[in-house]
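Enquirer: I'll drop the sequence and a predicted model, then ask my questions.
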Amino acid sequence: MGHERPFTGEHWWSKDLGMYSCICCTQRLFMSDHKYVSKSGYPTFWNHIIDSVEYKQDKMSRPMYTNAFEDPLLKNKQPEHRCLCSNCEAHIGFVYNDGPLPFNKRFQVNDAAITFEPKPWFKLPELSKETVNKVKKHMKITKAGNDKFIHLIHEEKKWSLPSYENRVKREKYLVTKKKNAKKARTPPKKSQEKKTEKKVEFDIKGETKKVEV
């Protein structure tokens, strides 16, 4: 009672973005961000949406399966609680205490108890054949134009035509112009002027005499 065979559902391997809701009352239970990869063969989550899941402690045990591969590290573990939908109290799965941080919980959910709603923007827009052909033609034209331009520059450089020389001169001029603009923006350094120190000396008569050093 309470569990299906492992590796038989549709949601245990999926990594699409969306919401997982209860199949009975369509209440949202888990997000795709809460899901993580597990070897149990069931959809496993490390957290749930607030106030969407309730816990119950009863003696409902999971059955022993034959002819079904299960990870030996997870096979004989006993669950801590049984998780229910908080709205309709439908059985969802079991909760174990060997999950990842920060809560160390593993919600092992029945695939038949949940439904998946993908995000609307996750689907790629469908393009008609006419638009696809237009895009392909445009890509071919742009590629051919780029190839012709590169070939033209190569020929100009090979024959040392004036158009190529003018282009090189213009590039050098733009580089020097940028350097000069940067120099003009930087403020000039203040020249360190020597400060004259004044010393006071006295004559024989006792009068002050100024001496500059």
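Expert: Happy to help now that I have it. All values derive from a computational prediction rather than experimental measurement.
Enquirer: sec struct for K177, please.
Expert: Counting by DSSP: H, G, I helix; E, B strand; the rest coil, the backbone at K177 sits in helix.
Enquirer: again, but for E156
Expert: Under three-state DSSP, E156 comes out as helix.
Enquirer: what does the pLDDT read for it?
Expert: Confidence at E156, expressed as pLDDT, is 74.
Enquirer: over to N180?
Expert: 86.
Enquirer: what does T115 give?
Expert: So T115 comes in at 91 (pLDDT).
Enquirer: distance check, it against K182.
Expert: 62 Å (C-beta to C-beta, to the nearest Å). Every residue, glycine included, has its C-beta placed from N, CA and C.
Enquirer: let me see the ranges of the helices in the protein.
Expert: 72-75, 129-159, 162-185 (DSSP state H).
Enquirer: most packed of those helices?
Expert: helix 72-75 (a mean of 12; mean count of other C-beta atoms under 10 Å).
Enquirer: and it, how far out from the chain's middle?
Expert: 33 Å (C-alpha atoms, centre = their mean, to the nearest Å).
Enquirer: rewinding a little: turn the helices of the chain into TSV, including distance to R28.
Expert: Formatted as TSV, the helices of the chain follow (distance: least, C-beta to C-beta, whole Å):
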stretch	distance to R28
helix 72-75	27
helix 129-159	36
helix 162-185	56
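Enquirer: those helices: which one's closest to K56?
Expert: Nearest of the helices of the chain to K56, taken as C-beta to C-beta: helix 72-75 at 21.4 Å.
Enquirer: which residue is nearest the centroid of the chain?
Expert: D33 (12.5 Å; C-alpha atoms, centre = their mean).
Enquirer: measure it to Q27 for me?
Expert: In terms of C-beta to C-beta, D33 sits 18 Å off from Q27.
Enquirer: next one: V53
Expert: 10 Å.
Enquirer: between the two, which one's more packed in?
Expert: V53 (23 against 16; other C-beta atoms under 10 Å).
Enquirer: that one reaches R82, doesn't it?
Expert: No: V53 lies out of contact with R82 (C-beta atoms under 8 Å); the separation is 10.5 Å.
Enquirer: about what we covered before: per-stretch mean pLDDT over the helices of the chain, give me the minimum one.
Expert: Among the helices of the chain, helix 72-75 carries the lowest mean pLDDT (a mean of 75).
Enquirer: what packs against that helix?
Expert: Contacting helix 72-75 under the criterion 3 or more C-beta pairs under 8 Å, 6 or more residues apart in numbering; DSSP states H and E is no other helix or strand.
Enquirer: could we number from 180 for the rest of this?
Expert: Understood, numbering begins at 180; the last thing we discussed is helix 251-254.
Enquirer: can you list the residues that contact it?
Expert: 217-219, 275, 277 (C-beta atoms under 8 Å, 6 or more residues apart in numbering).
Enquirer: show me the strands in this protein, by range?
Expert: Using DSSP state E, the strands found in the chain span residues 197-201, 207-210, 223-224, 232-235, 260-264, 270-275, 285-288, 293-297, 377-381, 387-391.
Enquirer: turn these into JSON lines, including distance to R184.
Expert: JSON lines is the format used below for the strands of the chain (distance: least, C-beta to C-beta, whole Å):
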{"stretch": "strand 197-201", "distance to R184": "20"}
{"stretch": "strand 207-210", "distance to R184": "21"}
{"stretch": "strand 223-224", "distance to R184": "16"}
{"stretch": "strand 232-235", "distance to R184": "23"}
{"stretch": "strand 260-264", "distance to R184": "19"}
{"stretch": "strand 270-275", "distance to R184": "14"}
{"stretch": "strand 285-288", "distance to R184": "13"}
{"stretch": "strand 293-297", "distance to R184": "16"}
{"stretch": "strand 377-381", "distance to R184": "102"}
{"stretch": "strand 387-391", "distance to R184": "104"}
